[in-house]
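[1] Prediction below, plus the sequence it came from.
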Amino acid sequence: MSTSTGPASAGGINLASVDLNLLVALEALLEQRSVTYAGQRVGLSQPAMSRTLARLRDIFKDDLLVRTTTGVILTTCGEQLLRKLPPALAMIREILTPRSFKPEATRLKMSVAMPEHQALVLLPQLMPRLRATAPDLDFVVHSLLAGSLKGLENGEIDFVVGQVDDAPPGFFRRSLYTDRFVCLLRRGHPALRHTWTADRFSALRHAVIAPGSEERFGHVYDALSKLNLPDRDPLIVPNTMAAPMIVAQTDLVLTVPYRVALQASSMLPLIVKELPVEFPSYEVSLIWHERCHRSVEHSWLRAEIAAASVAAVRTMVQSDGLIPSSSAA
């Protein structure tokens, strides 16, 4: 047998030529110090394990195990490998083992971009769920959607909630809910004493949530402009919560998603009415990038967001205060 010379340098071994199974066999040989027992441990016959040992000796240019008068012992190289190899293989096994995810015991940060009006629908249902199941989750909400798809692609944000009819290549989409537009007027508004018609709706002064700042509210502004309104300059209101508060104190009319209207009318003296003009409904979706598609953490949060949307829709049943467009108050 040759004299032990210590482990070969990393530069002396071509890793691409090394079978990972050889390292598993080497771990068994170093720990068992027996070709027979090591073979039993890894499921190889004694001749096959002997051939494996020969290949390992050739790779490391060392005998690894030598026989003495008291039994088989490790060479200096073998002792060094015994210290280094088990933790290295344990790390490889961890890498190759499907990761389990326990949200209640994991600290992580995730972010989602969604407009204010959709946050009003989802977050009251989502946040209690996350608090109960993942108390250490740092959940960040961004209201600006500009550049959100790019943010998904480069990892700046994890999800987008919004209106995307067809996810572009590299992105996934899951439908959450559909919504339609309705009107909000203050209780006691003079228009409520008359039949609610398209002409009466058009004649009112309108409030519009800042067009272009949130998806779909620009569509509302564009649609109103096509009605040839007597008031060509609707009041521009900066955000979703401020607009209903202003409408509750004035004779303005506000066009908003139905689910937002229900929440606003539950907190303010407002009446919800169907639109007397045609506005298309829209679908709200959850969008994410393929880079996170198979992540166990992302998969869990996608399911939580979807469940929250189902709960939000279920709890927002049609209000008794909703007045059809064809009737008077």
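    Received, thanks. Everything quoted here is computed from the prediction, not taken from an experiment.
[2] Can you pull the domain assignment for this protein?
    Following automatic domain parsing, the chain resolves into domains at 10-96, 103-178+283-315, 180-279.
[3] Kindly state the beta-bridge partners for Val66.
    Ile73 (DSSP bridges).
[4] now it: how far from Thr75?
    Going from Val66 to Thr75 by C-beta to C-beta, to the nearest Å gives 6 Å. Placement of C-beta: from N, CA and C, glycine included.
[5] next one: Ser295
    Taking C-beta to C-beta, one finds Ser295 at 44 Å from Thr75.
[6] and the two? which has more neighbours close in?
    Neighbours per residue, other C-beta atoms under 10 Å: of Ser295 and Thr75, the larger number sits with Thr75, 21 against 15.
[7] Does the more buried one touch Thr68 like I think?
    No. With contact defined as C-beta atoms under 8 Å, Thr75 does not reach Thr68; the gap is 11.1 Å.
[8] ok so Leu185 is a helix residue?
    No. Using DSSP: H, G, I helix; E, B strand; the rest coil, the assignment for Leu185 is strand, not a helix.
[9] what's near enough to touch Ile209?
    Residues in contact with Ile209 (C-beta atoms under 8 Å, 6 or more residues apart in numbering) are His117, Phe217, Val220, Ile236, Val237, Pro238, Asn239, Thr240, Ala243, Leu254, Val256.
[10] ok, 7 Å please
    By C-beta atoms under 7 Å, 6 or more residues apart in numbering, Ile209 lies in contact with Phe217, Val237, Asn239, Thr240, Ala243.
[11] Report how many residues lie close to Leu301.
    Using other C-beta under 10 Å, Leu301 has 25 neighbouring residues.
[12] which residues pair with the residue nearest to it when sequence neighbours are not counted across the strands?
    Nearest non-adjacent residue to Leu301, counting by C-beta to C-beta, 6 or more residues apart in numbering: Met110, 5.8 Å away. In this entry, Met110 is beta-bridged to Phe139, by DSSP bridges.
[13] what's the burial count for Met110?
    Neighbour count of Met110, defined by other C-beta under 10 Å: 18.
[14] list the contacts for it?
    If you count contacts by C-beta under 7 Å, 6+ apart, then Met110 has Leu137, Phe139, Asp158, Leu301 around it.
[15] Quick check: the farthest pair among these?
    Spanning the widest gap among the contacts of Met110 are Leu137 and Asp158, at 11.4 Å by C-beta to C-beta.
[16] out of the two, which sits in the busier spot?
    Neighbour count, other C-beta under 10 Å: between Leu137 and Asp158, Asp158 has more, with 23 against 19.
[17] what sits against the more buried one?
    Neighbour list for Asp158: Met110, Ser111, Val112, Trp288, Cys292, His298 [criterion: C-beta under 7 Å, 6+ apart].
[18] That one and Phe172, how far apart?
    Noted for Asp158: a distance of 12 Å to Phe172, by C-beta to C-beta.
[19] the bottom helix or strand of this structure by mean pLDDT?
    Least confident helix or strand of the chain, by mean pLDDT, DSSP states H and E, is helix 217-225 with a mean of 54.
[20] Tell me both backbone torsions, phi and psi, for Leu286.
    The phi/psi pair for Leu286 (degrees, to the nearest 10) reads phi -100, psi 130.
[21] Model confidence for it, exactly?
    Per-residue confidence (pLDDT) for Leu286: 94.
[22] Going by distance to Val42, which of the contacts of Ile209 wins?
    Thr240 (63.7 Å).
[23] Count the neighbours of the closest one for me.
    Neighbour tally, Thr240, other C-beta under 10 Å: 25.
[24] So what does it look like in phi/psi?
    The phi/psi pair for Thr240 (degrees, to the nearest 10) is phi -70, psi -40.
[25] Tell me how far it lies from Val208.
    Taking C-beta to C-beta, one finds Thr240 at 12 Å from Val208.
[26] Helices of the stretch 51-200 of the chain, start to end?
    76-96, 116-133, 148-154, 198-203 (DSSP state H, counting those that start in this stretch).
[27] for the closest residue to Ala198 other than its chain neighbours, what are its contacts?
    What sits nearest to Ala198 in space, not counting adjacent residues and going by C-beta to C-beta, 6+ apart, is Pro276, at 4.5 Å. Residues near Pro276 by C-beta under 7 Å, 6+ apart: Trp196, Thr197, Ala198, Phe201, Ser325.
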